[in-house]
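> here's a sequence, model it:
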Amino acid sequence: MAVATTARERDVVYPEDRLPWLQTILMGLQHVMAMFGATVLVPLILGFNPNTVIFFSGVATLIFLVVTGFKVPSYLGSSFSFIGSVLAVQGTTHNHGLAYAGIVMAGVIYLAIGVIVHFVGVNPIRYLLPPVVTGTVVAVIGLALASAATTNYALEPFTATVTLLAAVGAAVYLRGFPRMLPVLIGIVVGYIVSAVYPVCSDAKSACHIDFNAIGNASIVGVPSFSFPDFSQFGTTLSLFFFIPVILVAENAGHVYAISGIMKRDLSPMLGRTFMGDGIGTTISGLLGGAGETTYAENIGVMGITRVFSIMVFVVAAVFAILLGFIPIFGALVRSIPVSVQGGIEMYLFGLIAVIGGKIWVDAKVDFSKRANLAVAAIPLIIAAGIPATQAIPIHLGSLTLTFNNLGLGALSAIVLYQLLRPGHVRDVEKEPAEVVAPPE
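You can find the predicted model right below:
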């Protein structure tokens, strides 16, 4: 294993390289901070145990690194793609076990997709998920969660607005690494405001902080593990069947991003990255954690530092696992007010939707083609128009599948593209001038 004594000795520190231990530890802590805000936001929204979720983000990262042969630098954190389905399940049953079962099923399907891609190659992914579909699927994630964000925001708009502005201000005006932590900075500012804002002293207020749970929590303890409930397989749990498609699009985009930054083609590793993520998600769901995905926040850190050393991510994963054994940390996270969550959700879910548009722009998707317009337009309305907690049953004879707005939007993008594929060929010719010219 080659050794680079400092990151500045060369333009890029590759996965097989390593820094001195002190620098490796500090870089690992930096990656923990980068993923922290978004990763702990997911259990807050879903009601999962934060210690367990952060613990399994570290475990899943180690699994991912092993499965990819220590060649793909990445950190796995809580996936937002699962939120809509979990909310839909818990909105009617309040059963975390069903949510864990759905996460396990999605992980197994995701793993199977990874095995297929590993042996068949990436061409089927490119066929099913061209940029117009990938961008639409990502935008659908953000829009599908919009109603959850606005609901929490409206419960106490002042603290939510302060949180939102703090996060946006950090992203726009700060420089260097702090600029990579807008979610964490927004939560800290919102939390401080909630602690001193008089309205929040009312225990029934959405910005109230319950300090009793923090005071009663122990400093060291074992993470709380929970188990899945497969009693409604094929009905309610079908909400999770199409999440792997979203994870594939997300994971592939991240791998391509790392390849571009590192100037090393990692696309032959896509099958392994899907498998690593799938195994991590499955194990997490089996024991009470969230679904996992590669994290854009950590890719951003790599873009700044140009340090891709695998050992840095091993250190980050170990730190996350250790955090899982600190119950007072989980109590602190659970005390974050709903209004503060709403402010962060407003910003973060909106960013996810806009990133879908960025995929279109970067890939130069041609929206003068009417087929592309339809593929993007219809799923976006499905995602925005149906509440995140609403489950939609579709009856296929004796079989009933249940969708939420995210799953239905993602599926419609994929199916529409294939149905309208011949239209893409016909659309190479421009419309006659009299058709596209505006009326005088």
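> quick one: low-confidence parts of the protein?
1-10, 91-94, 177, 233-236, 396-401, 423-440 (pLDDT under 70).
> measure the closest residue to residue 200 other than its chain neighbours to residue 136 for me?
In this structure, residue 200 finds its nearest non-sequential neighbour in residue 207, 4.0 Å apart by C-beta to C-beta, 6 or more residues apart in numbering. C-betas here are computed from N, CA, C, even on glycine. In this structure, residue 207 and residue 136 are 35 Å apart, going by C-beta to C-beta, to the nearest Å.
> go on, residue 365?
9 Å.
> so between the two, which is more surrounded?
Neighbour tally, residue 365 and residue 136, criterion other C-beta atoms under 10 Å: the higher count belongs to residue 136, 31 against 20.
> ok, that one - contacts?
Going by C-beta atoms under 8 Å, 6 or more residues apart in numbering, residue 136 touches 356, 375-376, 379-380, 409, 413.
> how about a cut-off of 10 Å?
In this structure, residue 136 makes contact with 129, 249, 356-357, 359-360, 365, 372, 375-380, 383, 409-410, 412-414, 416-417, judged by C-beta atoms under 10 Å, 6 or more residues apart in numbering.
> please report how far it lies from residue 380.
Applying C-beta to C-beta to residue 136 and residue 380 gives a distance of 7 Å.
> got any residues that touch both of these two?
Contacts common to residue 136 and residue 380, judged by C-beta under 10 Å, 6+ apart, are 356, 409, 412-413.
> which two of those residues have the greatest separation?
Across these, the longest distance by C-beta to C-beta is 14.4 Å; it joins 356 and 412.
> if we can go back for a sec, out of the contacts of residue 136, which end up buried?
Listed as buried from those are 129, 249, 356-357, 359-360, 365, 372, 375-376, 379-380, 383, 409-410, 412-414, 416-417; burial here means 16 or more other C-beta atoms under 10 Å.
> now the end-to-end length of stretch 15-27.
Taking C-alpha to C-alpha, to the nearest Å, stretch 15-27 runs 14 Å from one end to the other.
> can you give me the strands for this structure?
For the chain, applying DSSP state E gives strands covering 76-78, 292-294, 392-396, 399-403.
> packing partners for the third one?
Counting contacts by 3 or more C-beta pairs under 10 Å, 6 or more residues apart in numbering; DSSP states H and E, the secondary-structure elements packed against strand 392-396 are strand 399-403, helix 405-419.
> which parts of it are buried?
Within strand 392-396, judged by 16+ other C-beta under 10 Å, no residue is buried.
> that one pairs with which strands, parallel or anti?
Within its sheet, and counting by DSSP bridges, strand 392-396 is paired with strand 399-403 (antiparallel).
> cool, and the first one?
Using DSSP bridges, the strands paired with strand 76-78 in its sheet are strand 292-294 (antiparallel).
> for residue 232, find the nearest of the strands of the chain.
strand 399-403 (9.2 Å).
> what distance do you get for the closest residue to residue 220 other than its chain neighbours to residue 224?
In this structure, residue 220 finds its nearest non-sequential neighbour in residue 325, 6.1 Å apart by C-beta to C-beta, 6+ apart. Distance of residue 325 to residue 224, given as C-beta to C-beta: 11 Å.
> which residues are common contacts for these two?
Contacts common to residue 325 and residue 224, judged by C-beta under 10 Å, 6+ apart, are 51, 55.
> give the buried residues for stretch 259-269.
For stretch 259-269, by 16+ other C-beta under 10 Å, it's 261-262, 266, 269.
> what's in contact with it?
Contacts of stretch 259-269 (C-beta under 10 Å, 6+ apart): 11-15, 67-69, 71-74, 118, 121-122, 125-126, 252, 254-258, 272-273, 276, 299-300, 302-304, 306, 308.
> now do 6 Å
68, 72, 122, 255, 303, 308 (C-beta atoms under 6 Å, 6 or more residues apart in numbering).
> surely the last one and residue 17 touch.
No: judged on C-beta atoms under 6 Å, residue 308 makes no contact with residue 17 at a distance of 8.0 Å.
> between these two, tell me which one has more neighbours.
Counted by other C-beta under 10 Å, residue 308 and residue 17 do not tie: residue 308 has more neighbours, with 22 against 19.
> for that one, which non-adjacent residue is closest in space?
residue 73 (4.3 Å).
> OK, contacts around that neighbour?
15, 308, 310, 313.
> and the second one, how far is that from residue 74?
Spelled out, that is residue 308. Applying C-beta to C-beta, the value for residue 308 to residue 74 is 10 Å.
> wait, residue 49 touches residue 225, no?
No: using C-beta under 6 Å, residue 49 is not in contact with residue 225, being 8.8 Å away.
> on that earlier part again, dihedrals phi and psi, the residue nearest to residue 308?
phi -80, psi 120 (degrees, to the nearest 10).
> residues near residue 332, how many?
Residues contacting residue 332 under the criterion other C-beta under 10 Å number 18.
> which residues touch it?
residue 214.
> and if you look at residue 308?
Residue 308 neighbours (C-beta under 6 Å, 6+ apart): 14-15, 73, 262, 302.
> any idea how far the nearest residue in space to residue 181 that is not next to it in sequence is from residue 180?
Closest residue to residue 181 apart from its sequence neighbours, by C-beta to C-beta, 6+ apart: residue 33 at 6.1 Å. For residue 33, the distance to residue 180 equals 8 Å [C-beta to C-beta].
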